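Student: Give me a model of this one.
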Amino acid sequence: MKKSVLIAVLAVFGLTTTASAQEFVYFGVKGGVNFSNMTSDGFEDENSRTGFHLGLLSEIPLGDRFSVQPEVLYSTQGTEAYNSSLGQGEYQLDYVHVPVLAKVYLIDGLSLEAGPSFNFLVEEEYEFDSGAGDVEFDTEMGSTFEFGGALGASYKFNNGFFASARYTHGFTDAFDSDNWDDDAVNNNGFQLGVGLMF
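Tutor: Here you go, the predicted structure:
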């Protein structure tokens, strides 16, 4: 698992190193809030979980209005829901996200972003109120890898600061089928973030 994350990170920075020989590459940091959920017939009364994302990114210009933007983000996701096996509680999934986005500038500063995301599970817990206090335990139901996608927009100011809004969706099952029933479980949510390019 840790080797897979390391390989993905090295691949992203290998891409930026290769591109830097051809074009000027911007690097940056970003962070923000997540409003995530999980859709499944096995859940009832789902409510979004509020989390965060934090990480590094680079922007590789390939033309006047087109760039590629790889990122490496730590992202906390999950849902608040009722499940017949687990009861009412909050299912917490923490990932390392590696999105690789195509970025098209509509006007100076304003861009649309879309692309695949390669997501690696690093931690999962289920938290519920036992009556005597909050209880957390590892469920070991999550899939170690998720293939997803992202679609959003961002605005970059002349000083390098930027703000972004993004919808994310997991295309593959977030739960390992060996540890769950036949119901598919998919991550989805919104990310609102700010950052700095330099």
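Student: bridging residues for the most centrally placed residue in the chain?
Tutor: Ranked by distance to the mean C-alpha position of the chain (CA atoms, centre = their mean), the top residue is H97 at 4.7 Å. For H97, the beta-bridge partners under DSSP bridges are L73, N119.
Student: for it, what are its contacts?
Tutor: Applying CB atoms under 8 Å, 6 or more residues apart in numbering, we find H97 in contact with H53, G55, E71, V72, L73, Y74, S75, S117, F118, N119, G148, T168. Every residue, glycine included, has its C-beta placed from N, CA and C.
Student: Would you write a ChimeraX line that selects the buried entries of these?
Tutor: Burial among those is assessed by 16 or more other CB atoms under 10 Å; the matching ChimeraX selection reads:
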select :53,55,71,72,73,75,117,118,119,148,168
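Student: And the residue nearest to the centre of the chain, how far from E124?
Tutor: Using CB to CB, to the nearest Å, H97 is found at 15 Å from E124.
Student: And D94, by the same measure?
Tutor: For D94, the distance to E124 (CB to CB) stands at 7 Å.
Student: And Y26, by the same measure?
Tutor: In terms of CB to CB, Y26 sits 34 Å off from E124.
Student: just G55 next, same as before
Tutor: 19 Å.
Student: Leaving out chain neighbours, which residue sits closest to S143?
Tutor: Leaving aside its chain neighbours, S143 sits nearest to D176 (5.0 Å; criterion: CB to CB, 6 or more residues apart in numbering).
Student: contacting residues for N158?
Tutor: Here N158 is in contact with G109 (CB under 8 Å, 6+ apart).
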